[in-house]
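In: Structure for the following, please:
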Amino acid sequence: MLLSLLLGKLVQKGTLTVVGANGKSRTFGDGHEPEVTVRLHKRSLETKLFLNPCLYLGEAYMDGTLTIEQGTMMEFLCIVTKNLSEAESLPLYHTYDKICRMLRFLQQYNPVGRSKDNVAHHYDISNKLYRMFLDDDLQYSCAYFKNPDDDLETAQTNKKLHIASKLLLEPGQRILDIGSGWGGMALFLANAGAGHVTGLTLSEEQLRMSRKRAADTGMEKAVDFKLLDYRLQTGKFDRIVSVGMFEHVGVHHYREFFTKVRELLTDDGVCLLHSIGRKDGPSSTCAWIRKYIFPGGYSPSLSEVLAATEDCGLWVTDIEILRLHYAKTLNNWQARFQANRDKVRDMFDERFCRMWEFYLGLSEAAFVYGDHLVFQMQIAKKRDAVPLTRDYQFDWEGQAEQNMDKGLSPLQVSKAGGKGKEHAA
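Out: Next up is the predicted model:
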């Protein structure tokens with residue numbers, strides 16, 4: 001009864017039929033597509049979904065106590081995500097949201113030791129798993145689809161080039177990669193001849209593979225991968241890049257993060273931050289995502305990030321918003337995961353497979369129907385650290401692509417980047 005009352009107010013777009021544990025069904029929505037039917041196999045689930053749908057919806061799908069009988073998982077998540085705005089008018093939502101906001105400090109409390117544990121929860125599962133759905137370079141962040149027919153490998157190469165174009169790279173620079181993952185970005189920059197790259201990760205699995213990749217390609221002297229929290233890094237760097245790591249920092253640690261960036265940057269240094277964000281302002285992390293996927297994680301609003309950069313005295317010299325690129329990335333990941341689902345089930349179990357496909361599907365829906373986005377923020381200590389216009393980015397990226405097509409290094413155009421900087425003032 002309570003769940004029906006909630007769904008009657010919540011589901012205004014699409015058509016959702018819910019079959020209860022007693023076999024009775026009720027339909028909600030406007031009668032339009034998508035049309036989805038779900039079955040609840042336990043009576044207790046109805047109360048749980050009323051009290052905390054953010055947590056128990058994903059758990060029910062994982063456990064098989066909620067099954068989809070008509071339609072697909074993505075169509076179901078489409079209805080869920082499209083109607084989230086309706087929840088804002090419900091008193092229960094306001095109470096839940098207020099409690100979550102009050103608990104954000106505890107949920108996102110990520111001191112040095114705890115951060116490593118949170119990273120291990122997600123990234124130290126198995127490198128084999130990530131090879132089954134990521135691109136060949138193991139880029140676990142938003143790709144950049146310049147053309148509709150770009151495959152995942154092409155789009156991830158586009159992403160690395162796009163980020164590199166904003167770093168004003170030159171030979172001999174010292175570069176820091178905060179959250180270096182499996183080493184792809186660091187190796188790309190080093191292989192391009194940008195200088196010496198230091199990559200930081202808190203994942204032992206990622207560290208092992210990154211070092212092996214460096215050794216296999218003869219790049220040990222150009223790239224140094226370390227198992228180290230960014231807060232413990234010392235020295236000065238001409239360039240800092242961080243891709244897909246800021247989501248693990250936690251909102252109460254933003255000033256700590258940017259204070260460290262300021263400390264590590266040279267006076268004319270440049271930092272490029274690539275992160276998931278949200279359009280609708282400060283919020284909290286979905287309880288299911290927080291428990292099963294990214295403990296301690298949070299996708300910030302730009303207002304929260306910019307407030308921290310202001311407090312730390314940094315210049316935000318450029319911001320670019322990528323809207324649907326991550327949705328296309330996640331769609332590719334889901335397709336590859338499904339193609340290898342039997343192998344994943346053999347490695348883990350059916351519950352893990354359902355958890356992972358729900359995670360990928362929910363994330364894609366957040367970018368297609370929800371408020372999620374990706375931002376690339378260029379940061380410097382000096383206002384004239386980069387040119388006055390973005391022309392240098394387009395020029396560098398275009399020339400780098402031509403060079404790569406000829407089998408040359410992207411950074412053979414680095415001198416052009418340097419000339420762009422000379423005209424910054």
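
In: buried set for the lengthiest helix in the chain?
Out: Counting by DSSP state H, the longest helix found in the chain is helix 350-368. By 16 or more other CB atoms under 10 Å, the buried positions in helix 350-368 come out as 352-368. All C-beta spots, glycine's among them, are computed from the backbone N, C-alpha and C.

In: where in the stretch 301-425 of the chain is pLDDT low?
Out: When residues are selected by pLDDT under 70, those of the stretch 301-425 of the chain lie in 412-425.

In: so where do the helices sit in it?
Out: Using DSSP state H, counting those that start in this stretch, the helices of the stretch 301-425 of the chain run over 302-311, 325-339, 341-347, 350-368, 391-405, 414-422.

In: Show me how the protein divides into domains.
Out: Using automatic domain parsing, the domain ranges for the chain come out as 2-102, 112-422.

In: So residue 90 sits against residue 5, correct?
Out: No - if you go by CB atoms under 8 Å, residue 90 and residue 5 don't touch, sitting 10.0 Å apart.

In: Looking at those two, which is more packed in?
Out: Ranked by neighbour count (other CB atoms under 10 Å), residue 90 and residue 5 place residue 90 first, with 13 against 10.

In: Leaving out chain neighbours, which residue sits closest to the more buried one?
Out: residue 9 (6.3 Å; CB to CB, 6 or more residues apart in numbering).

In: Look up how far residue 29 lies from that neighbour.
Out: Distance, residue 9 to residue 29, using CB to CB, to the nearest Å: 12 Å.

In: Return the set of residues that bridge with residue 177.
Out: Residue 177 has these beta-bridge partners by DSSP bridges: residue 199, residue 241.

In: Can you name the residues that contact it?
Out: 185, 186, 189, 197, 198, 199, 200, 240, 241, 242, 243 (CB atoms under 8 Å, 6 or more residues apart in numbering).

In: Which elements pack onto the helix or strand harbouring the third one?
Out: To tie it back to what came earlier, the one meant is residue 189. Using DSSP states H and E, residue 189 sits within helix 184-191. Packing partners of helix 184-191 (3 or more CB pairs under 8 Å, 6 or more residues apart in numbering; DSSP states H and E): helix 152-165, strand 173-178, strand 195-201, helix 204-216, strand 223-227, strand 237-243.

In: which SS class is the closest residue to residue 328 other than its chain neighbours?
Out: Nearest non-adjacent residue to residue 328, counting by CB to CB, 6+ apart: residue 145, 5.3 Å away. Recorded secondary structure, residue 145: coil (DSSP: H, G, I helix; E, B strand; the rest coil).

In: Give the burial count for residue 145, as a bare number.
Out: With other CB under 10 Å as criterion, residue 145 counts 22.

In: got any ranges where this structure has weak pLDDT?
Out: Filtered on pLDDT under 70, the chain yields the residue ranges 88-89, 92, 94, 412-425.

In: do you know which of the helices and strands packed on helix 184-191 lies nearest residue 409?
Out: Of all the helices and strands packed on helix 184-191, it is helix 152-165 that lies closest to residue 409, at 11.4 Å by CB to CB.

In: what's the offset of the closest one from the middle of its chain?
Out: 15 Å (CA atoms, centre = their mean, to the nearest Å).

In: Buried residues in it, which are they?
Out: Quick answer for helix 152-165 (16+ other CB under 10 Å): 152, 154-165.

In: ok so, going back, residue 9 and residue 29: which is more packed in?
Out: The neighbour comparison of residue 9 against residue 29 (other CB under 10 Å) goes to residue 29, with 22 against 15.

In: close enough to count as contact, residue 257 and residue 249?
Out: Yes - Residue 257 is within contact range of residue 249, at 5.1 Å (criterion: CB under 8 Å).

In: if you count what's nearby, which of the two comes out ahead?
Out: Per other CB under 10 Å, whichever of residue 257 and residue 249 has more neighbours is residue 249, with 26 against 22.

In: where does that one fall, phi/psi-wise?
Out: For residue 249, the backbone dihedrals (degrees, to the nearest 10) come out as phi -70, psi -50.

In: likewise the one 10 residues further on?
Out: In this entry, residue 259 is assigned phi and psi values of phi -60, psi -40 (degrees, to the nearest 10).

In: and it, how far is that from residue 303?
Out: Distance from residue 259 to residue 303, by CB to CB: 19 Å.

In: Between these two, tell me which one has more neighbours.
Out: A count of neighbours by other CB under 10 Å puts residue 259 above the other of residue 259 and residue 303, at 16 against 11.

In: Give me the spatial nearest neighbour of the more buried one, chain neighbours excluded.
Out: Closest to residue 259 by CB to CB, 6+ apart is residue 312, at 5.2 Å.

In: Hmm, the one you found is touching residue 256, no?
Out: No - Residue 312 is beyond contact range of residue 256, at 9.4 Å (criterion: CB under 8 Å).

In: how about residue 277, phi and psi?
Out: Residue 277 adopts backbone torsions of phi -140, psi -170, taken as degrees, to the nearest 10.

In: so how far is residue 323 from it?
Out: Counting by CB to CB - residue 277 and residue 323 are separated by 11 Å.

In: now do residue 105
Out: Note on residue 105: its distance to residue 323, by CB to CB, is 30 Å.

In: got it, and residue 239?
Out: 26 Å.
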